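Asks: how does the following fold in three dimensions:
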Amino acid sequence: MNFSATTLQTHSETGIGERHNDLNDLFTAPRQISHLQYTCNLDIDQVADNVRQTSIVCTLGKSWKTKEGILKMMDAGMNIMLINLSMTPRDICKEVIQYAREIEKESGYARLLGIAMDMTAAPVRTGIFEGGPSYEANLKEGARVTLTLDDHYKFKCTPEMIFINTKYFPQLINCLRKGDKVYLDDGQVSLIVKDVGLDGVNCMVEEGGIIGSYKRVTLPRDRLYQESVQLNYINDLKFAAECEVDYVFTSFAEDSIMIHLARNHLPGSTKVFAKLETRVTIKNLHDLIAASDGLVIRRSDLAMQYTPEKIFKLQKYIVAHCNIAEKPVFIIEQLLESMVSKPRPTRAESSDIANAVLDGADGLVLTMETSWGMYALDSVHVVDNICREAERAVFHFETREELKQCRLQMEQGSFDIRSVTGASAAEAAASCNATAIFVITTTGASATSIAMLRPPCSVIAITLDVSVARHCLAYRGLHSYVYTGKSEDDWALDIDNRINAAIEHSRITGLVKGGDRIIVVTGSVATSGSTNTMHIFTLEEEHSKLRIVGSSHEVAATGAQEGLLNLADRTTEQQQNEQKDEEELDALEEIRLIQGARSRRPRFSVMLSSNKSGFGGINDIRVPLCSHTYTLYSHYSHLFVLLPRLSLTVNFLSATLSYSVGLQSYPV
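Replies: Numbering: from 1, shown residues only. Now for the predicted structure:
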């Protein structure tokens, strides 16, 4: 077989527009330039991608709690809706969840919205100052302040008498001790408890500052949980289970034991995210990563545990460990705080969001901006725009290389068939400038594994399970498609239908278009966890249906059988002229066994074929990996290896066969 060679522009992550027509250049990593060189090549005028990879989580607010309001927030870019149980009545919670599910169902599950519940104690907040909601009081160091429950001061707070609004306050008085520290406005003002009365707490200002109305009050955590909110926390978990939410963000998870206790009250389909708020959670970071399904970095609380100049380093530290462990990580609070009352963010806030994306965060959580801010919809638009710009500045090659090296050093890398196939797909996507990787998945594990390799393109998880699809929303770069079409008895045809439906949906949503190169990752058998096959295609402009799994089953099997027959015939002829050593005879016997009856184990690193389908030429790459292949055929094959980049190992069975890898083909 002869194939014509084509040229391919190297991936944009190199920043260099050279063309290659040599296979070895094509399927090795892009030219290794430094991060500084890559940054110098950034095009400031380049239009950002219309597809955002970072998830946006929005805290439910009164201004958009209707079905129409939720739909508008989804249109703006909301991926997950966060319901704060301490601020939202139970009946409203059930109502908005019903609205979200109706939106999904009416769209045929083409639009998905994850639902998360925030498990935390009811917020303790100050009242309104006499000067009005916008008035700010200056609390000076050494001054005396009384925190009171007297309703007379609810809308008449003064610098000397500050009303505390919380249903838990009577119990909180019993939790406080002389010498305890109380923080106002996320640590902007620090108070020391001097005396605890029947209906108030007398304090001295330790660190002064400006304080406004309705600001959060932070009290000693341990006693607050044990004496005030433990029972309510358990009830909240049971309510989350009743509502069948997709995620639970829990503040009460300082170690792995507390994570397991939370799981005891939740169904297996609900993912538990631990909120990092204290020094204890940072100390137990590795245990929390292992025990939870993801982490939420609550920077405002950590800022009261660490000095301000440490927070940026702490954020990078946590995000890096989550990236290596393949666990999603969200950043919450103080992202666009100015947009609570203003239509535009500050430059510092824009840079903060962009740097969170560059650090590797999977999602960003808006709290006050969307819960009671004046510009909830605008806030989502702003985050969406900043994320898309920041994602253009990510140096994907360096990120992938560092992730692989760190996982190897920390012994967190996996070398099973599914993982290596996923790694091959991620590397191939970079090498052939693919626009998207489509993954057939049952549990979501294959898709999330590929997404956490940080390929330079979108990953589309094709699944039948709506719950799995919603869980994929937590991962950066991972998009979901729920197949709702008719199920076929023929497995290969059924898989082809799912893939074609996902491609068509991706065309509509702008993820792919005609002329784009895509990668499809599937299994070779109808079994969960059997992901071992990769294909590379170029989409035509017209919306033609592709034969993907079916074509590789037919053609790859035929090509492999012919190759083995030819190889067996040649080796038989050679045996008549010269004596073979024992190792070669063993190899020949193995080949004949395969020829006579199918082996129960896969024997080929790659089975390749050339095929024609409705849209044009297809070069199929079939990847059931097998460690035996290298020794079995070492005397007869040409070995083309892209390792140590954990990409793709191609083993050719015969010198008379030709090979193709999606784009180019040469005789061996």
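Asks: wait, Asn323 sits on Tyr475?
Replies: No: applying C-beta atoms under 8 Å, one finds Asn323 not in contact with Tyr475, separated by 11.0 Å. To be clear about C-beta, it is placed using only N, CA and C from the backbone, and glycine gets the same treatment.
Asks: and the two? which has more neighbours close in?
Replies: Tyr475 (26 against 23; other C-beta atoms under 10 Å).
Asks: leaving out chain neighbours, which residue sits closest to the more buried one?
Replies: The spatially closest residue to Tyr475, leaving aside those adjacent along the chain, is Ala451, at 4.7 Å (C-beta to C-beta, 6 or more residues apart in numbering).
Asks: state the pLDDT value of that neighbour.
Replies: Ala451 carries a pLDDT value of 95.
Asks: for Glu349, see how far away the residue positioned nearest the centre of the chain is.
Replies: By C-alpha atoms, centre = their mean, the chain has its centre lying nearest to Tyr475, at 1.2 Å. Applying C-beta to C-beta, to the nearest Å, the value for Tyr475 to Glu349 is 25 Å.
Asks: now do Met117
Replies: On the measure of C-beta to C-beta, Met117 and Glu349 end up 27 Å apart.
Asks: of those two, who's got more company?
Replies: Met117 (26 against 20).
Asks: dump the strand or helix carrying the more buried one to PDB, keeping only the CA atoms.
Replies: Taking DSSP states H and E as the definition, Met117 sits inside strand 114-119. Provided in PDB are the C-alpha atoms of strand 114-119 (Å, rounded to 0.1, in the frame of the first residue of the first chain):
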ATOM      1  CA  GLY A 114     -24.300  20.900  38.100                       C
ATOM      2  CA  ILE A 115     -25.800  21.500  41.500                       C
ATOM      3  CA  ALA A 116     -23.600  22.000  44.600                       C
ATOM      4  CA  MET A 117     -24.700  22.600  48.200                       C
ATOM      5  CA  ASP A 118     -22.500  24.500  50.600                       C
ATOM      6  CA  MET A 119     -22.400  22.900  54.000                       C
END
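Asks: can you give me the buried ones in it?
Replies: 114-119 (16 or more other C-beta atoms under 10 Å).
Asks: would you format those as TSV with pLDDT and distance to Ile536 included?
Replies: Conversion of the buried residues of strand 114-119 to TSV gives the following (pLDDT from 0 to 100; distance: C-beta to C-beta, whole Å):
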residue	pLDDT	distance to Ile536
Gly114	98	31
Ile115	98	36
Ala116	98	36
Met117	96	41
Asp118	93	43
Met119	87	44
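Asks: least confident secondary structure element in the chain?
Replies: Least confident helix or strand of the chain, by mean pLDDT, DSSP states H and E, is helix 629-632 with a mean of 26.
Asks: mind checking which helix or strand the residue nearest to Gln334 when sequence neighbours are not counted is in?
Replies: Leaving out its chain neighbours, the residue that sits closest to Gln334 by C-beta to C-beta, 6+ apart is Ser300, at 5.7 Å. Assigned by DSSP H and E, Ser300 falls within helix 299-302.
Asks: could I get the buried residue list for the helix or strand just after that helix?
Replies: Downstream of helix 299-302, the first helix or strand assigned by DSSP H and E is helix 308-325. The neighbour-count check on helix 308-325 (16+ other C-beta under 10 Å) flags 311, 314-315, 318-325 as buried.
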